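[1] 3D model of this:
(one chain, ligands or ions: 2)
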Amino acid sequence: MSCLARAMAIFSSLYACLKRLKPAACSCLGRGSARKAAKEEAEDESSTDLFFDLRTLQDATSSFDEQNRLGHGGFGPVYKGLMPNGEEIAVKKLSLTSRQGMREFTNEVKLLLKIQHRNLVMLMGCCVEGPEKMLVYEYLSNRSLDCFLFVKEKSASLDWMTRFRIINGVARGLLYLHEEAPERIIHRDIKASNILLDDQLNPKISDFGLARLFPGDDTHLNTFKISGTHGYMAPEYAMRGYLSVKSDVFSYGVLVLEIVSGRKNHDSRLGAEKTDLLSYAWKLFQERKSLELVDSSLAKYNPDEAAMSIQLGLLCCQSSYADRPDMSAVHLMLSSDSFTLPRPGKPGLQGRTSRWTTTTTSAFTNTNASSTQTGATKVSTGSSLIEEYSRNSMSISSIDEGR
Ligand SMILES: Nc1ncnc2c1ncn2[C@@H]1O[C@H](COP(=O)(O)OP(=O)(O)OP(=O)(O)O)[C@@H](O)[C@H]1O
Ligand SMILES: [Mg+2]
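    Numbers count the residues shown, from 1 in each chain. Ligands and ions are numbered 1, 2, ... in the order given. Next up, the predicted model:
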């Protein structure tokens with residue numbers, strides 16, 4: 001081999017090594033720089049750096065060993081992985097069959113790479129090799145909120161300040177997804193297991209935009225029902241498939257009530273009166289005994305913030321979606337001391353049609369069949385004029401559902 005050929009061979013193997021190390025190298029830059037780098041990469045259409053080799057992920061997860069399995073959700077199992085530089089990652093194997101081709105899938109991942117906020121879990125890239133499709137995320141050491149909230153021994157480590165910070169952080173993340181992200185994202189699956197906690201117990205919403213990877217496929221909708229997360233779903237979405245930002249607002253309301261009370265939205269062990277969290281919270285609110293809902297494992301809490309959170313949760317869970325606040329109004333209520341919260345109406349309860357079909361507004365007509373079928377992708381597109389209006393809107397009832 002000539003000197004030149006040898007030099008070329010060394011150069012090309014060095015380049016291959018560096019390329020493989022790139023996602024890891026990114027993480028050494030610190031979060032801000034890493035995100036900036038991810039964004040720049042995503043903007044570069046010719047970039048292939050969003051791809052992880054299957055081999056790299058196999059090595060990181062010990063060939064997807066059961067011991068590294070963090071859980072299994074509606075889209076498939078999630079594994080913890082360790083990169084050669086010591087960085088921890090979470091690999092979500094997508095076991096549902098997407099009807100998307102490689103190009104569409106990659107485009108969606110590129111879009112998701114641009115959706116960045118401190119209250120969202122960072123997507124690092126994906127792996128597409130043969131039939132395998134995977135998403136690679138930053139790993140969050142404290143896993144998800146449900147691991148704390150609903151586990152007696154651990155719920156005490158969530159003091160009131162932390163809980164209120166989580167309520168605020170999730171609102172901030174959702175506001176970003178609905179109003180500030182490059183494309184509007186309706187999450188569709190806000191629940192305690194999709195709120196991950198970093199080492200300081202700051203919340204980060206996970207699994208945003210996943211529905212976009214499965215257009216026209218309502219399998220995940222069925223998995224909600226099967227897996228019992230039905231309790232977070234807005235009645236109009238659960239029963240009729242009507243999807244809007246207000247579906248997320250409803251789920252957020254349920255989550256807020258769970259955070260304050262430290263219990264799941266449905267728990268038959270608590271007796272008939274308390275089984276359904278929404279009905280019970282509504283009953284207590286009407287009897288002016290809201291604070292009885294607060295988790296008894298909390299040694300102390302701020303009663304004003306707790307009462308406000310309960311009222312906010314009930315406002316978000318109202319049966320009529322037009323009456324629910326949008327996330328900018330929620331954010332305003334949470335951040336302003338002087339905001340007087342409106343009185344909530346009855347919460348929407350699943351499986352009881354008469355309770356929630358109380359109002360019909362143009363919002364339903366705007367959410368047409370094709371948007372509900374294709375989920376966030378179709379729903380998120382629309383007139384930029386309306387978008388601008390919506391982004392600046394602080395009004396509680398003026399929502400453009402059909403965007
Ligand atoms: N990035 C991550 N870092 C740490 N733990 C994670 C991460 N992503 C997921 N997990 C853990 O893995 C579990 C399974 O996640 P997964 O998203 O598959 O299921 P789920 O949230 O219960 O359901 P769904 O598919 O509806 O989101 C979660 O409950 C969480 O504890
Ligand atoms: Mg999840």
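[2] Spell out which parts of the stretch 51-200 of the chain neighbour ligand 1.
    Residues of the stretch 51-200 of the chain lying near ligand 1 by C-beta under 6 Å from any ligand atom: 70-75, 78, 90, 121, 137, 139-140, 143-144, 147, 189, 193-194, 196. Bear in mind the C-beta positions are built from the backbone N, C-alpha and C, glycine included.
[3] make it 5 Å
    Proximity of the stretch 51-200 of the chain to ligand 1 is confined to 70-71, 73-75, 78, 90, 137, 139-140, 143-144, 189, 193-194 under the rule C-beta under 5 Å from any ligand atom.
[4] Kindly identify which of those also come near ligand 2.
    Near ligand 2, judged by C-beta under 5 Å from the ion, the entries from those are 73, 194.
[5] Filter the residues of the stretch 51-200 of the chain next to ligand 1 down to just the buried residues.
    Among these, those buried by neighbour count (16 or more other C-beta atoms under 10 Å) are 70, 73-75, 78, 90, 137, 139-140, 143-144, 189, 193-194.
[6] export the residues you listed to JSON lines and tack on pLDDT?
    As requested, those are exported to JSON lines (pLDDT from 0 to 100):
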{"residue": "L70", "pLDDT": "95"}
{"residue": "G73", "pLDDT": "86"}
{"residue": "G74", "pLDDT": "82"}
{"residue": "F75", "pLDDT": "84"}
{"residue": "V78", "pLDDT": "96"}
{"residue": "A90", "pLDDT": "97"}
{"residue": "Y137", "pLDDT": "96"}
{"residue": "Y139", "pLDDT": "97"}
{"residue": "L140", "pLDDT": "97"}
{"residue": "R143", "pLDDT": "93"}
{"residue": "S144", "pLDDT": "96"}
{"residue": "D189", "pLDDT": "91"}
{"residue": "S193", "pLDDT": "94"}
{"residue": "N194", "pLDDT": "95"}
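[7] And those residues, which is closest to P347?
    The nearest member of those to P347, counting by C-beta to C-beta, is D189 at 19.5 Å.
[8] Could you find the closest non-adjacent residue to the closest one?
    Among residues not flanking D189 along the chain, D207 sits closest, at 6.0 Å (C-beta to C-beta, 6 or more residues apart in numbering).
[9] Secondary structure element for Y137, which one?
    According to DSSP states H and E, Y137 maps onto strand 132-138.
[10] Out of the residues of the stretch 51-200 of the chain next to ligand 1, which sit inside strands?
    Those of those mapping onto strands are 70-71, 73, 78, 90, 137, per DSSP state E.
[11] thinking again about what came up before, ok, the residues of the stretch 51-200 of the chain next to ligand 1 vs A211, which is closest?
    Using C-beta to C-beta as the measure, the one of those that approaches A211 most closely is D189, at 7.8 Å.
[12] Distance-wise, check L243 relative to Y176.
    Per C-beta to C-beta, to the nearest Å, L243 is found 19 Å from Y176.
[13] between these two, who's got more neighbours?
    Per other C-beta atoms under 10 Å, whichever of L243 and Y176 has more neighbours is L243, with 25 against 21.
[14] ok so, going back, mind putting the ones in strands among the residues of the stretch 51-200 of the chain next to ligand 1 in TSV, distance to F105 included?
    Listed next are these as TSV, based on distance: C-beta to C-beta, whole Å:
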residue	distance to F105
L70	23
G71	23
G73	19
V78	18
A90	19
Y137	16
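[15] of those, closest to ligand 2?
    Nearest to ligand 2 among these, counting by C-beta to the ion, is G73 at 4.5 Å.
[16] unless I'm mixing things up, the closest one is touching S206, no?
    No - using C-beta atoms under 8 Å, G73 is not in contact with S206, being 9.6 Å away.
[17] Find the nearest non-adjacent residue to L111, please.
    Nearest in space to L111, with sequence neighbours left out and distances taken as C-beta to C-beta, 6+ apart, is E183 at 6.4 Å.
[18] do you know how far that neighbour is from R118?
    E183 is 19 Å from R118, where distance means C-beta to C-beta.
[19] In the stretch 1-150 of the chain, where is pLDDT below threshold?
    Regions of the stretch 1-150 of the chain meeting the criterion pLDDT under 70 cover residues 1-48, 96-100.
[20] Tell me the residues of it that contact ligand 2?
    G73.
[21] Let me see the ranges of the helices in the stretch 1-150 of the chain.
    With DSSP state H, counting those that start in this stretch as the criterion, the stretch 1-150 of the chain has helices at 3-27, 31-43, 54-60, 102-114, 146-149.
[22] which helices and strands does the next helix or strand after the shortest one pack with?
    Just to be clear, that refers to helix 146-149. Later in the chain than helix 146-149, the nearest helix or strand by DSSP H and E is helix 152-155. With contacts defined as 3 or more C-beta pairs under 8 Å, 6 or more residues apart in numbering; DSSP states H and E, the packing partners of helix 152-155 are helix 146-149.
[23] Good, we can wrap up now.
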